[in-house]
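Student: Pasted the sequence and its predicted model underneath.
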Amino acid sequence: GAVVSQHPSRVICKSGTSVKIECRSLDFQATTMFWYRQFPKKSLMLMATSNEGSKATYEQGVEKDKFLINHASLTLSTLTVTSAHPEDSSFYICSASYGGGTYNEQFFGPGTRLTVL
Amino acid sequence: ELKVEQNPLFLSMQEGKNYTIYCNYSTTSDRLYWYRQDPGKSLESLFVLLSNGAVKQEGRLMASLDTKARLSTLHITAAVHDLSATYFCAVARGNNNDMRFGAGTRLTVKP
């Protein structure tokens, strides 16, 4: 149980275009979803936290107009990188938690590798 | 602000040897996690530690938590090549499970 998928797994786009990444919880309802960014050989940096039906909470330094997050349902969150530039190239990982149990464990998706040319 | 420090950042071991990875964090936390990441892959959950003195073991890996010292350790026993990966600790707090990751320890086990 507790499977999270991401789509696409890899995407290459031209500079200036927008890219949408989907994160789905396949077998549970995710009350909270998280988006992380990971540069090569670096740690995961939390970008934003989103609760279903609410606006996402962005971490300091993350541009909300550039990284649009929509958590429209309990099983789907999307991250849209708008007007992408080469410096946005990174590994984006989402996670989801369902708020149940003794702790709200996050279940991680497989990640999406974005390359902006 | 919650900060998580891991050391060492790089670890090269011979097969059969033992070693420990350390994870220090700066403020009170509710939960501590250890993850494994293989190159190009996402995170694989290894352990979650919930209380002071918690110890968990899986195969050649054992994790412990000392909440008073704000320290967790991941001990590797008799390392094998398959353990080569990057290991992250992460500390979570709050109802939202707000999580902060350490920098990661890149482990290479040599024959």
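Tutor: On my side now, so go ahead.
Student: Looking at chain A, what residue ends up closest to chain B?
Tutor: Here chain A gets closest to chain B at one residue, A:N104, 4.0 Å apart by C-beta to the nearest C-beta. All C-beta atoms are positioned from the backbone trio N, CA, C, and that covers glycine.
Student: neighbours around that residue, how many?
Tutor: 20 (other C-beta atoms under 10 Å in any protein chain shown).
Student: tell me which element the residue nearest to A:F34 when sequence neighbours are not counted is part of?
Tutor: Of all residues not flanking A:F34 in the chain, A:S95 sits nearest, at 4.6 Å (C-beta to C-beta, 6 or more residues apart in numbering or on different chains). Using DSSP states H and E, A:S95 sits within strand A:90-97.
Student: what sits against the residue nearest to A:F34?
Tutor: A:V4, A:M33, A:F34, A:Y36, A:Q106, A:F107, A:F108, A:G109 (C-beta atoms under 8 Å, 6 or more residues apart in numbering or on different chains).
Student: remind me, longest strand of chain B?
Tutor: Identified as the longest strand of chain B according to DSSP state E is strand B:85-93.
Student: Next, the buried residues of that strand.
Tutor: By neighbour count with 16 or more other C-beta atoms under 10 Å in any protein chain shown, strand B:85-93 contains the buried residues B:A85, B:T86, B:Y87, B:F88, B:C89, B:A90, B:V91, B:A92, B:R93.
Student: Which is the succeeding secondary structure element to that strand?
Tutor: Counting by DSSP H and E, the next helix or strand C-terminal to strand B:85-93 is strand B:98-101.
Student: Now do that following strand: which elements does it pack against?
Tutor: Using 3 or more C-beta pairs under 8 Å, 6 or more residues apart in numbering or on different chains; DSSP states H and E, the elements in contact with strand B:98-101 are strand A:44-51, strand B:85-93.
Student: neighbouring contacts of the helix or strand bottoming out on mean pLDDT in chain B?
Tutor: In chain B, no helix or strand scores lower on mean pLDDT, DSSP states H and E than strand B:98-101, which sits at a mean of 86. The contact list for strand B:98-101 (C-beta under 8 Å, 6+ apart) reads A:34, A:43-46, A:49, A:106, B:2-4, B:25, B:33, B:88-92.
Student: So which bits of chain B are right by chain A?
Tutor: Neighbours of chain A within chain B, by C-beta under 8 Å from any C-beta of the partner chain: B:30-31, B:35, B:40-43, B:45, B:48, B:50, B:88, B:90, B:92, B:95-104, B:106.
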